[in-house]
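[1] Sharing a model prediction with you, sequence too.
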Amino acid sequence: MSTQAEDLALVEAFKRGEESAFTALVIKYREPVYRIARRLLRNHEDASDVTQEVFIRVHRALPRFAARSQVRTWLYRITVNFCLDLASRRSRDARTGLKELIWEPSPHDNPGEVAERRELGDVVARAIDALPPRQKAMVVLRVYQDLPYVEISRIMGCTEGTVKATMFAAFGRLRQSLASYVSDTGQRVK
Amino acid sequence: MERVIADCREAQSLLLEAVSGTTSPDVRRALRRHLDGCAACRREAAALEETTALLHAVPEPHLGDDHWERFMAGLDRRLETARARPWARLTRWLRHPGHAWTTAAAATALVVALGFALLGVPRPEASSPPAEPLRAYITQSVVDAWSAMDTSLAVWKAGFGAGDVSYDLTGGD
């Protein structure tokens, strides 16, 4: 059974009153939803709260889910919209600066590597964070979730052409921000 | 039929798609053929690959072992609170497929009751005096509004079946 068919079967089971079908959906999608939120919000607590809020909304809306899009697309759209709203409220609250790195070390990591990766993580996080919100969302969905352009266009509510153009602009900015880490020939210099 | 890349502009658009994530094998084959003969696009591909590699150089954050356990417990608590709300219980009960006939019967009864309320029950005569406890609330502004309410009620009644009211079922706008 394909992922899409499996998801729809879970939705139908939930509509019939099987609460365990919702739990199965949560277990399947909680991690990608969290990771999208984490990349977009750069903060574990916020990402965790958003993940929970997304599934509360999904639970409320699932009985009316009409399967016009894939369950995954619908879920990611809720997640991205929620994160963009939250990030926009936060920016209005004048919360500036990088408060938390995008990456946290595991207790088993070597301290030297940790410092190096922390620095690189900081640079990359700043570069991604400097992108306009929709560019950032598309980069996260493409690079970190490996979603096809057509699905990103459905999540973001735009055409595939817009996704291509936006990705092109986003990568142009990222290349500028990370220029000191990449040589003219594409070789890493640090 | 094999995909053919027309020019460097198209190649560079596809390159970004190819280096940033998964792409179809025919696009990859077409790109490889184009890159074999185009040094400028090869340089572009190398730079894009390097940028993507940098983005991937930062691993996914490490989550505590009990993170998802705590997450599920928190989600369950919030869902339980939401379920306990009377309105949520009612809508869940109504939506349950096993209650479809009961819901339909209840909806029909409600419509019939509304119909009776609007069409069948005579309104008290305007001249009859209001009950004693209500007298204090019948101010001049309420009396002034009475005729407008009468008109609204007449229109409302007409909409529920009067033969002399024309309806444009196609929308009209």
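    Cool, the structure landed. Residues are numbered from 1 along each chain as shown, chains lettered A, B, ... in the order given.
[2] Do any residues in stretch A:142-161 lie close to chain B?
    Yes. Under the criterion of Cβ under 8 Å from any Cβ of the partner chain, chain B is reached by stretch A:142-161 at A:142-144, A:146-149. Where you see a C-beta, it was placed from the backbone N, CA and C, and this is true even at glycine.
[3] These in helices, which ones?
    A:Y149 (DSSP state H).
[4] Which of the residues of stretch A:142-161 next to chain B are buried? Put it as a PyMOL command.
    A single PyMOL command selects the buried members of those (16 or more other Cβ atoms under 10 Å in any protein chain shown):
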select buried, chain A and resi 142+143+144+147+148+149
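[5] For the residue nearest the centre of chain A, pull up the helix or strand it's in.
    Nearest to the geometric centre of chain A sits A:I36, at 2.0 Å (Cα atoms, centre = their mean). Element membership of A:I36 [criterion: DSSP states H and E] is helix A:19-41.
[6] give me the number of residues near the closest residue to A:F82 other than its chain neighbours?
    If the residues on either side of it in the chain are set aside, A:F82 comes closest to A:V50, at 5.5 Å by Cβ to Cβ, 6 or more residues apart in numbering or on different chains. By other Cβ atoms under 10 Å in any protein chain shown, the residues close to A:V50 number 24.
[7] what do you get for B:R28?
    Neighbours of B:R28 under the rule other Cβ under 10 Å: 15.
[8] Output the helix or strand harbouring B:E17 in PDB with nothing but the alpha carbons.
    If you go by DSSP H and E, B:E17 is part of helix B:8-20. Extracted C-alpha coordinates of helix B:8-20, given in PDB (Å, rounded to 0.1, in the frame of the first residue of the first chain):
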ATOM      1  CA  CYS B   8      22.100  26.900 -20.300                       C
ATOM      2  CA  ARG B   9      19.200  28.800 -18.800                       C
ATOM      3  CA  GLU B  10      17.100  25.700 -18.700                       C
ATOM      4  CA  ALA B  11      20.100  23.600 -17.500                       C
ATOM      5  CA  GLN B  12      20.700  25.900 -14.600                       C
ATOM      6  CA  SER B  13      17.100  25.900 -13.500                       C
ATOM      7  CA  LEU B  14      17.200  22.100 -13.600                       C
ATOM      8  CA  LEU B  15      20.600  22.000 -11.900                       C
ATOM      9  CA  LEU B  16      19.200  23.600  -8.800                       C
ATOM     10  CA  GLU B  17      16.400  21.100  -8.700                       C
ATOM     11  CA  ALA B  18      18.900  18.300  -9.100                       C
ATOM     12  CA  VAL B  19      21.400  19.300  -6.500                       C
ATOM     13  CA  SER B  20      18.800  20.400  -3.900                       C
END
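[9] Is any residue of that helix near chain A?
    Yes. On the criterion Cβ under 8 Å from any Cβ, helix B:8-20 is in touch with chain A at B:13, B:16-17, B:20.
[10] now the angle from the one helix or strand the residue nearest to A:F82 maps to to helix A:19-41?
    Taking DSSP H and E as the criterion, A:V50 maps to helix A:44-61. Using axes from the mean of the first three to the mean of the last three Cα atoms, to 10 degrees, the direction of helix A:44-61 lies 140 degrees away from that of helix A:19-41.
[11] list the buried ones in helix A:44-61?
    Across helix A:44-61, burial judged by 16+ other Cβ under 10 Å covers A:44, A:46-55, A:58-59.
[12] still on that earlier bit, mind listing what's buried in the helix holding B:E17?
    Neighbour-count burial for helix B:8-20 [16+ other Cβ under 10 Å]: B:11-20.
[13] Dump these to TSV, plus pLDDT and distance to A:R77.
    Formatted as TSV, these follow (pLDDT from 0 to 100; distance: Cβ to Cβ, whole Å):
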residue	pLDDT	distance to A:R77
B:A11	92	31
B:Q12	88	29
B:S13	86	24
B:L14	91	26
B:L15	93	27
B:L16	92	23
B:E17	90	21
B:A18	92	25
B:V19	90	25
B:S20	89	20
